[in-house]
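Engineer: whatever this is, show me its structure:
(chains A and B)
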Number of protein chains: 2
Amino acid sequence: MSLLDRIKVCNNGTDDSAYAPFVVEGQRLGWVHCDFAPALKPFDDVFLVADNSVTLLDDLNDYQSRSDAVDPVLRALDADDWFSGWRDEAYPVGTGFYEQAFLEMERTAVPRFGVAAFGVHINGFVRDGNELLMWIGRRADDKPTYPGMLDNMVAGGQPVGLGLLQNVIKESAEEAAVPADISSLAKPVGAISYQHEDDNCLKPDTMFVFDMELPKDFIPTNTDGELAGFKLLPVREVMEITADTAEFKFNCAAVNVDFFVRHGILGPEDPDYIEIQRGLHQ
Amino acid sequence: MSLLDRIKVCNNGTDDSAYAPFVVEGQRLGWVHCDFAPALKPFDDVFLVADNSVTLLDDLNDYQSRSDAVDPVLRALDADDWFSGWRDEAYPVGTGFYEQAFLEMERTAVPRFGVAAFGVHINGFVRDGNELLMWIGRRADDKPTYPGMLDNMVAGGQPVGLGLLQNVIKESAEEAAVPADISSLAKPVGAISYQHEDDNCLKPDTMFVFDMELPKDFIPTNTDGELAGFKLLPVREVMEITADTAEFKFNCAAVNVDFFVRHGILGPEDPDYIEIQRGLHQ
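Structural biologist: Prediction:
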């Protein structure tokens, strides 16, 4: 595969004909697959499941009442194995990152509702003269999603009630034991947006990307059990792994590619150069 | 205006109902406005002008014969003031930067045919501790296009027969007297694509962007008369000028915004952060 193919894997969610809009207060906030919609039917005091839409009942008319009503439904569905690993982490559900959310929802349920999710992805890198080296993480084998795959040094979903930089500092501490005086200097360098489809879930996701330069002698250590370990690799080796193998979790591969472009490692001699960058901002 | 509004100015070419496809060998290579198409009618040994298309005659069946046939037509149209300043610079005309061109065409005529054009834009910058300063150019008052407006330090169209880095080195020498040992280290950092409409011309353009770090004591000097002068400004001041004034040529403003994003000057606290980056890659 090429680097462009990695971006195409992110944007594989192009056919949404099997999905019905998930509507709250007249606004479409997500997409529900026709396989999952019937599972919501019994909960008719919360959801109205029609042929072509799933609507949160209008008498649930504020953030708290909507969140409180949806939560027990999700717990019941989790018991029926509709989700992959309850996290006890609330995600905002709304029309965009900068708009007021309509409710909050357990993180693991968000993809089933096709709701936009947000996260922070942090490229931990080291300069050695003119060479760049990247710290690469490997996901723990018992992670509910994408176990054992390669990952960015630090990455995490963006839950309710935390600022982006706060989240960068928190995740950097938990996942890689980066002290706050280093992680707080992580530099925002862009946002990557894609629409991924997997297991009848639509994920219109945005990753806020940060570059975090680390001292040469810093060694990351995982503290929360989410990563099995780290490796420090020359950036060109990371590019080869990203292009030639499927070892990286699909969206982490996109974060890598964006890093290669911004740092001039992948240049305009690549005939996919323009299309790759379009694909990073869908 | 906001920085997002600057990006929207680049992408103002959304309604193409007034344009007919410009077709060569069965492929659409551009768009011709209904005001301009009739001017091509007299040249019926070169163009077939129909109601809904402008086609290069099929018996012109290779690069050289097409280019040779089109050139005198363009010279005649230039005498009728259809173009703004003959440049004697050939642009490739094709389906994309990485595909074989079907013909070449005088640069100044390219927007009238709505053909994709390419260029290099170079951010010349200086580090002062943790602060960044950008060298900003001002276009000469006698430039045929956008006279007197602010510009990136170095920028130039991508003509036939020159590699991108060769063009970076050539334009850096001509426009700012940058020696090749510095300009050859300019780092490719991405490509910006937009579709701009102006004066009944459609411009589906791509700018290859380079960052060129300069020594603190380097002072650019224009040698080809295309720029009136340069100023070195703190990056935050460049951001204010870009947001608050229309002094920058429209596409140079986009190159600035991309620089602000990549260098963490414009961060995700801006509610337009995600949309701005989509707009840079249309």
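Engineer: got the residue ranges for the strands in the stretch 51-200 of chain A?
Structural biologist: Along the stretch 51-200 of chain A, counting by DSSP state E, counting those that start in this stretch, strands occupy A:54-56, A:90-93, A:103-106, A:117-128, A:131-139, A:150-152, A:154-157, A:187-198.
Engineer: with mean pLDDT and distance to chain B added, can I get the ones you listed in CSV?
Structural biologist: The C-beta positions use only the backbone N, C-alpha and C, and glycine is treated the same way. What follows is the strands of the stretch 51-200 of chain A, written out as CSV (pLDDT from 0 to 100; distance: least, CB to the nearest CB, whole Å):
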stretch, mean pLDDT, distance to chain B
strand A:54-56, 98, 25
strand A:90-93, 98, 15
strand A:103-106, 98, 20
strand A:117-128, 98, 9
strand A:131-139, 97, 12
strand A:150-152, 98, 17
strand A:154-157, 97, 15
strand A:187-198, 96, 4
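Engineer: got a markdown table for those strands, with distance to residue B:249 and mean neighbour count too?
Structural biologist: Output for these, formatted as a markdown table (distance: least, CB to CB, whole Å; neighbours: other CB atoms under 10 Å in any protein chain shown):
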| stretch | distance to residue B:249 | mean neighbour count |
| --- | --- | --- |
| strand A:54-56 | 48 | 21 |
| strand A:90-93 | 39 | 23 |
| strand A:103-106 | 45 | 24 |
| strand A:117-128 | 32 | 21 |
| strand A:131-139 | 33 | 20 |
| strand A:150-152 | 37 | 24 |
| strand A:154-157 | 38 | 23 |
| strand A:187-198 | 23 | 21 |
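Engineer: right, and those - which one's nearest residue B:266?
Structural biologist: Nearest of the strands of the stretch 51-200 of chain A to residue B:266, taken as CB to CB: strand A:187-198 at 8.3 Å.
Engineer: can I get that closest one as CSV, trimmed to CA atoms?
Structural biologist: Extracted C-alpha coordinates of strand A:187-198, given in CSV (Å, rounded to 0.1, in the frame of the first residue of the first chain):
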residue,chain,number,x,y,z
LYS,A,187,2.6,22.8,19.9
PRO,A,188,-0.8,22.7,18.1
VAL,A,189,0.0,22.0,14.5
GLY,A,190,-3.3,21.3,12.9
ALA,A,191,-6.5,19.1,12.8
ILE,A,192,-7.1,16.0,10.8
SER,A,193,-10.7,15.2,9.9
TYR,A,194,-12.0,12.0,8.3
GLN,A,195,-15.1,9.8,8.1
HIS,A,196,-14.4,6.2,8.9
GLU,A,197,-16.8,3.2,8.8
ASP,A,198,-16.1,0.1,10.8
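Engineer: just checking, what packs against the helix or strand immediately after that strand in the chain?
Structural biologist: Per DSSP states H and E, the first helix or strand lying C-terminal to strand A:187-198 is strand A:201-213. The helices and strands touching strand A:201-213, judged by 3 or more CB pairs under 8 Å, 6 or more residues apart in numbering or on different chains; DSSP states H and E, are strand A:27-33, strand A:117-128, helix A:164-176, strand A:187-198, helix A:250-262.
Engineer: residues making contact with the first one?
Structural biologist: Read that as strand A:27-33. Under the criterion CB atoms under 8 Å, 6 or more residues apart in numbering or on different chains, residues A:16, A:18-23, A:40, A:54, A:93-95, A:102, A:112-116, A:200-202 lie in contact with strand A:27-33.
Engineer: among the residues you listed, name the ones in helices.
Structural biologist: residue A:40 (DSSP state H).
Engineer: and the buried ones among the contacts of strand A:27-33, selectable in ChimeraX?
Structural biologist: In ChimeraX syntax, the buried subset of these is picked out as below (16 or more other CB atoms under 10 Å in any protein chain shown):
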select /A:19,20,21,22,23,40,54,93,94,102,112,113,114,115,116,201,202
